[in-house]
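K.L.:
Next come a sequence and a model predicted from it.
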Amino acid sequence: MLKDAPLAPIRLLPPQLADQIAAGEVIERPASVLKELIENALDAGATRIDIDLQKGGVELIRVSDDGHGIPADEMTLAISRHATSKIAMLDDLLRLHSLGFRGEALASICSVSQWEIASRADGRDEAFRLTGQMPDRLLAANHARGTTVSIHELFGNTPARRKFLRTERTELRYCDDVIRRMALARFDVGFYARHNGRFVHRLPVVHDDIGRTRRVAKLCGEAFIHAALALDVAHKDLRLHGWISNAQYSRQQTDLQFFYINGRIIRDRVINHAIRLAYQALLPTGRHAAYVLNLELDPARVDVNVHPTKHEVRFREARYIHDFISRSLRSALQQNAATGETDGTPNWSIAETQGMYSQSGPTTYTAGQMRSDDTAPAAEVLALLWHRYLLVRTGVRLILIDAQCLHIELLCRDWQGACASESVKSQPVLIPQAINLSPQEQKQFEQNENALVQCGFELTRSGPAALLLRAVPVYLRGLDVPALFPALLDCEPATTAMIECARAQLERQSLDMQTLGIEPILRLLAREPDSFTHCRRELTEEVLRDWLNTCSHDDA
Ligand code: ADP
Ligand code: MG
């Protein structure tokens, strides 16, 4: 107690103030609001969630879902403290299937913002809305089945809190992290997110392994998925599934570590330790593994009500779970090492690859298209091997086509054509990337700036020795562009030279043709069957014999 403070009588806090204090616990920034709103949408059984953000979420966060909605007579209750439809008894806490349960998120959020909630409940013909200005008046609204919550001017009425918010870009990054975490947990839900009116994520619902792999590639990067081992291990009532990086891939930060328990993202010491142990001795000191993993277990075996943000958990049998995770990862990593995959290339068996294409049957293109001579038999794509080579059969001949080589060929040609007609399309990067220049590179940049712009790069200076990469040519979508940059600066100041330089660099990166898609390549092969001999090799008896010989020498 302050020494000279006058003694004030004890009073109950006004409800608004109590909510604002509670908001301090869970609502730290726009991203925390976004998390709560998405969780509510998921709890309501949404299959599609639309997110609109303005100014990093500070000005507006709007989340719309197609879930079961809120009945008109429960609208006012939904925004009151300790109002939840998710638990009724203490016991329910022990078998929780929903993400929310404390019943305080909406009340807290509404106490520190201007808000509006519109909803149409399942099976009802009318929709209603409620706003912060008149929280007791239910108004008629236009809304399909589901709910839209709009939060304007977060912390507008608590300036002290607002001061703690960071720049628009930083707040957006936090929001983006939330979306990525949610989208990696729920492949059965479509996520569509816009910032200042522009789409930042378009993630349709996916149902199969290809779709899931694509979503992970979009959210975690091509490089990760290329190096990832798919994992699905079950033991008694525990199941662990997802993707983990192999021993050749590591990161400076722990930014690609997503661990879920029954679909809820968590950060937990026991689990971190189990995973670190599995990678021990495999990664250089100071480097971190990457993973997207979901542990499924009976909700009664884990307590999630440890902390208001629900990120921490308490296991009933921590040791058992720790060992299960550690053992599962270690054995996947050991198996991967044993199959001799050293350069981050293959982790797919041929059988899996075939499975992926067998959904629509093997892709067939006719002889007339693939070969100039009309009598030749149809060519059939049997498999995509090691994410890179197409195994093609024409009659009794087997041909291995380097899809990556063809992809780069196609890309460089299109890019060249677009440069010549000054119609290169650029794609903005989600978050502008900083590129630092050495004194030598600063000079090179001055010479090359025009050609870079013509090639479709959008760059602004953020200081004498630093650039911000804002957009890249669409041809380089999904590739590690900052890694290409020193070489681009080092080449002749002409678009052709830059494209050639990018080609050489791309040939050195390993691309994942499954994620990039092989359809354009199949079309190219059908159109120009006899070109690109440098990208193909017939698997004759001789080639196979040589190959088997080298394999047996390797073994010796
Ligand atoms: P909790 O999620 O912990 O129950 P909230 O304050 O987040 O608490 O939400 C209060 C209640 O409002 C929920 O229990 C639910 O019944 C209702 N609700 C909130 N958002 C939605 C939504 N998007 N769709 C349907 N009901 C919702
Ligand atoms: Mg909630």
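P.N.:
Received the coordinates, thanks. Numbering: from 1, shown residues only. Ligands and ions are numbered 1, 2, ... in the order given.

K.L.:
can you pull out the strands in the stretch 101-250 of the chain?
P.N.:
Using DSSP state E, counting those that start in this stretch, the strands of the stretch 101-250 of the chain run over 114-120, 127-131, 139-141, 146-152, 190-195, 198-203, 228-235, 238-245.

K.L.:
For ligand 1, find the nearest of these.
P.N.:
Closest approach to ligand 1 among the strands of the stretch 101-250 of the chain is made by strand 146-152 (3.7 Å; Cβ to the nearest ligand atom). C-beta here means a position set from N, CA and C on the backbone, and glycine is covered the same way.

K.L.:
Just confirm yes or no for the closest one near ligand 1.
P.N.:
Yes - legend: contact between strand 146-152 and ligand 1 by Cβ under 6 Å from any ligand atom is shown at Thr147.

K.L.:
about what we covered before: mean neighbour count and mean pLDDT for the strands of the stretch 101-250 of the chain - can I get that in TSV?
P.N.:
Formatted as TSV, the strands of the stretch 101-250 of the chain follow (neighbours: other Cβ atoms under 10 Å; pLDDT from 0 to 100):
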stretch	mean neighbour count	mean pLDDT
strand 114-120	22	96
strand 127-131	20	95
strand 139-141	13	95
strand 146-152	23	97
strand 190-195	20	96
strand 198-203	15	94
strand 228-235	16	92
strand 238-245	21	95
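
K.L.:
Reformat the ones you listed as a markdown table; add distance to Val270.
P.N.:
Formatted as a markdown table, these follow (distance: least, Cβ to Cβ, whole Å):
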| stretch | distance to Val270 |
| --- | --- |
| strand 114-120 | 38 |
| strand 127-131 | 42 |
| strand 139-141 | 46 |
| strand 146-152 | 34 |
| strand 190-195 | 30 |
| strand 198-203 | 31 |
| strand 228-235 | 17 |
| strand 238-245 | 14 |
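
K.L.:
what about these, which gets the closest to Ala72?
P.N.:
Smallest distance to Ala72 across those (Cβ to Cβ): 4.8 Å, for strand 127-131.

K.L.:
quick one on the thing from earlier: the strands of the stretch 101-250 of the chain: which one's closest to ligand 2?
P.N.:
Smallest distance to ligand 2 across these (Cβ to the ion): 10.4 Å, for strand 146-152.

K.L.:
For ligand 2, tell me whether that closest one is touching it.
P.N.:
No - using Cβ under 5 Å from the ion, strand 146-152 stays clear of ligand 2, coming no nearer than 10.4 Å.

K.L.:
my read is Asn40 is in a helix, agree?
P.N.:
Yes - judged by DSSP: H, G, I helix; E, B strand; the rest coil, Asn40 forms part of a helix.

K.L.:
That one and Ile70: what is the separation?
P.N.:
Distance of Asn40 to Ile70, given as Cβ to Cβ, to the nearest Å: 10 Å.

K.L.:
What's the mean pLDDT across stretch 544-556?
P.N.:
For stretch 544-556, mean pLDDT rounds to 62.

K.L.:
which residues in the stretch 1-150 of the chain form helices?
P.N.:
Using DSSP state H, counting those that start in this stretch, the helices found in the stretch 1-150 of the chain span residues 15-26, 30-43, 75-78, 105-111.

K.L.:
To Arg536, which of the strands of the stretch 101-250 of the chain lies closest?
P.N.:
Comparing the strands of the stretch 101-250 of the chain by Cβ to Cβ, strand 228-235 comes nearest, at 28.2 Å.

K.L.:
What is the closest one packed up against?
P.N.:
Judged by 3 or more Cβ pairs under 8 Å, 6 or more residues apart in numbering; DSSP states H and E, strand 228-235 is in contact with helix 209-220, strand 238-245, helix 318-338.

K.L.:
Report the angle between that strand and helix 209-220.
P.N.:
Going by axes from the mean of the first three to the mean of the last three Cα atoms, to 10 degrees, strand 228-235 is angled at 120 degrees with respect to helix 209-220.

K.L.:
Hmm, Ala118 is touching Gly146, no?
P.N.:
No - proximity of Ala118 to Gly146 does not meet the contact threshold set by Cβ atoms under 8 Å, at 9.3 Å.

K.L.:
just to revisit the earlier point, closest one to Asp546 among the helices and strands packed on strand 228-235?
P.N.:
Closest approach to Asp546 among the helices and strands packed on strand 228-235 (Cβ to Cβ): helix 318-338, 24.7 Å.

K.L.:
Which positions within that closest one qualify as buried?
P.N.:
Judged by neighbour count using 16 or more other Cβ atoms under 10 Å, the buried positions of helix 318-338 are 318, 321-322, 324-330, 332-333, 336.

K.L.:
what does it rub up against?
P.N.:
Here helix 318-338 makes contact (Cβ atoms under 8 Å, 6 or more residues apart in numbering) with 229, 231, 233, 235, 238, 240, 244, 246-247, 270-271, 273-275, 277-279, 282, 295, 297, 315, 347.

K.L.:
Quick one: mean pLDDT for stretch 413-432?
P.N.:
The model assigns stretch 413-432 a mean pLDDT of 86.

K.L.:
er, stretch 437-449 I mean
P.N.:
89.

K.L.:
Buried ones in it, by neighbour count?
P.N.:
By neighbour count with 16+ other Cβ under 10 Å, stretch 437-449 contains the buried residues 437, 441, 444-445, 448-449.

K.L.:
how far out from the middle of the chain is that stretch?
P.N.:
Distance, stretch centre to chain centre, for stretch 437-449: 33 Å (Cα atoms, centre = their mean, to the nearest Å).

K.L.:
Could you do stretch 161-177 as well?
P.N.:
Computed by Cα atoms, centre = their mean, the chain-centroid distance of stretch 161-177 equals 19 Å.
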